[in-house]
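# Return a 3D structure for these sequence lines:
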Amino acid sequence: METQASSDSTRQRNRNRLTADTSALITVNRILILGNKITRDFIIQRELTLKPGDTVRLQQIPLILEKDKSKLLNTRLFNTVSMRMIDYENGTADILVEVSERWYTFPVPILELADRNFNEWWQNYNHDLKRVNYGLKLYQYNVRGRNETLLLTAKFGFTKIFRVSYRMPYLDKKRKQGLIFDFNYDERNNIAYRTIDNILTYARADEKFKVTRSASITYTYRNSFYHYHGFSLETIKNQISDSLVQLNPEYYGSNVIKTQNTTSLSYQYVYEKRDFITYPLTGSYFSASIRHQGILKSDDLIKTDLSAGYSKYVHLGKKYYLSNYTNAYVSFQSHIPYGSYSALGYNRQFVRGYEVYLIEGPQFFFNKTTFKKQLFSRTFDVGGSIEQFREIPLAIYLKTYADFGYVWNYPGYEAGRRLTDKLLNGVGAGLDFVTSHDATVRLEYSFNGEGENGFFFHLKKEF
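Numbering: from 1, shown residues only. This is a model prediction of the structure:
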């Protein structure tokens, strides 16, 4: 009869043999998951390459587990993920997945600038505290433990917004199809009604300058780990006041038009293969979309646009990193009303050094390149009774960057002439501070092609 000691000895010899023979084949026996108190097992299993019964070479397992770890972290459901192979015996092994779940309910007070970025508010509008929005956002992540997300927004101040959004990524048994519902009410008694020298000009009054109501439904299809497809149907109803028409008679194309209703269809494709989407250091990302507004005869706006972006992230060794991002946008309609103009300058679409400017045009492209060095990386144990907040990671990166771009002007549009139809370029250096729950603080000093320079502050990743 085999004793416990001899059994343990045999198991150890098997482990040593398998470790030495990297060409050995391993069959996965079980997938064991620990630490998921809320998240359903199938949500985690959806991201795993290996399934029970799969056979793979031993030397491939570390790379597979590392990629799966990144995929699980990119769901944004977990603070930490660890994966390893256990119980190797007779050519079989179990895979152990241990996760530490995030805090999923976030009532977030809103205290934000109404402008496109901090620098526009500070330089163009004299850091006017009246240009601040306040309110509350309620994020409920991982609803029902199925990675579903509910977002409720109530915003007041410079802009009044009420929004309800619900995302269900997995509707079918194969975990490939999903739906997103979004409803939005937007009321503005402060509005940008014209652009002068690439700077937005605002009007403010007690009346409602513009009211927007929109609703959309998006069907999502994720046929593999790295490929995402989204098909959206959206209806938007805009109404502006007589006062806004007087300020800009061409806001909707004529001094008698005060409404703009449109229904659109859009498609988006995303290839996502970055190590950590919150602050990528390695991998690649590609996104392309097409949208057509005006699918109904009753629609007031016809506009078709295409956009595409590609980013690459490379680890150069010794904690040096290089990243590059290219984006292009094309609108096929050049003669549209001011209120529907496209522009370089919204969200993260800008050439660094030009943050204070809005550069309008039917076509544009830009490229960003960043070279950085990790100066510091540590996780601080702050204790406390709430498990999800006991550890706070902090990483600091020193960087330098160079951007360039180009915007084609709208025909006859003189307000944007200074910065369109010419090469835009910006260079600079800065520091990135990266911490928990996707928080990134960027401090940058930039020089642009207009001979201007200054300090710029951002609260989101570069790209």
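# Which residue ranges of the stretch 51-200 of the chain form helices?
61-73, 118-119 (DSSP state H, counting those that start in this stretch).
# For those helices, please prepare JSON lines with the additional fields mean pLDDT.
Shown next, in JSON lines, are the helices of the stretch 51-200 of the chain (pLDDT from 0 to 100):
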{"stretch": "helix 61-73", "mean pLDDT": "93"}
{"stretch": "helix 118-119", "mean pLDDT": "74"}
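# what's the closest of these to Ser214?
Ser214 lies closest to helix 118-119 among those, at 27.0 Å (Cβ to Cβ). (Each C-beta comes from the backbone N, C-alpha and C, glycine too.)
# ok, Tyr104 to Leu96 distance?
Separation of Tyr104 from Leu96 (Cβ to Cβ, to the nearest Å): 24 Å.
# Now render the helices of the stretch 51-200 of the chain as CSV, adding mean neighbour count and distance to Thr39.
Shown next, in CSV, are these (neighbours: other Cβ atoms under 10 Å; distance: least, Cβ to Cβ, whole Å):
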stretch, mean neighbour count, distance to Thr39
helix 61-73, 17, 10
helix 118-119, 17, 35
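# Domain ranges for this protein, per the record?
In terms of domains, the chain is parsed into 4-101, 105-458 (source: automatic domain parsing).
# contacting residues around Ala215?
Asp182, Phe183, Asn184, Glu234, Thr235 (Cβ atoms under 8 Å, 6 or more residues apart in numbering).
# if you set the cut-off to 7 Å instead, what comes out?
Asp182, Phe183, Thr235 (Cβ atoms under 7 Å, 6 or more residues apart in numbering).
# And the first one, what's its pLDDT?
For Asp182, the model assigns a pLDDT of 98.
# ok, back up a step: in terms of mean pLDDT, which of the domains of the chain ranks lowest?
domain 4-101 (a mean of 84).
# would CSV of the helices of the stretch 51-200 of the chain with distance to Gly283 be doable?
Converted to CSV, those look like this (distance: least, Cβ to Cβ, whole Å):
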stretch, distance to Gly283
helix 61-73, 8
helix 118-119, 29
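# Among those helices, which comes closest to Thr369?
helix 118-119 (20.8 Å).
# so which of the helices of the stretch 51-200 of the chain gets nearest Ile217?
Short answer: helix 61-73, nearest of the helices of the stretch 51-200 of the chain by Cβ to Cβ, at 26.8 Å.
# which outside residues touch the closest one?
26, 44, 47-50, 78, 81, 83-85, 99, 225, 275-276.
# out of these, which are buried?
With neighbours counted by 16 or more other Cβ atoms under 10 Å, those contain buried members at 26, 44, 47-48, 50, 78, 81, 83, 85, 99, 225, 275-276.
# Now, those residues that are in strands?
Ile26, Phe78, Val81, Met83, Met85, Val99 (DSSP state E).
# From those, pick the one nearest Lys312.
Val81 (24.4 Å).
# isn't that closest one right next to Leu96, touching?
No. Applying Cβ atoms under 7 Å, one finds Val81 not in contact with Leu96, separated by 11.3 Å.
# count of neighbours near His335?
With neighbours defined by other Cβ atoms under 10 Å, the count for His335 comes to 9.
# what's the closest non-adjacent residue to it?
Leaving aside its sequence neighbours, His335 sits nearest to Pro411 (Cβ to Cβ, 6 or more residues apart in numbering; 6.8 Å).
# Throw the buried ones among the contacts of helix 61-73 into TSV and include distance to Gly309, thanks.
Formatted as TSV, the buried ones among the contacts of helix 61-73 follow (distance: Cβ to Cβ, whole Å):
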residue	distance to Gly309
Ile26	39
Ile44	30
Glu47	24
Leu48	29
Leu50	32
Phe78	27
Val81	28
Met83	31
Met85	37
Val99	31
Phe225	20
Asp275	18
Phe276	18
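# Could you work out the most separated pair of the residues you listed?
Longest span within the buried ones among the contacts of helix 61-73, Cβ to Cβ: Ile26 and Phe276, 27.7 Å.
# backbone phi and psi for Asn324, please?
phi -140, psi 140 (degrees, to the nearest 10).
# Look at Thr326 and tell me its secondary structure.
The local conformation at Thr326, judged by DSSP: H, G, I helix; E, B strand; the rest coil, is strand.
# ok, it - contacts?
For Thr326, the contact set (Cβ under 7 Å, 6+ apart) comprises Gly309, Tyr310, Asn367.
# Show the buried residues in those.
Gly309, Asn367.
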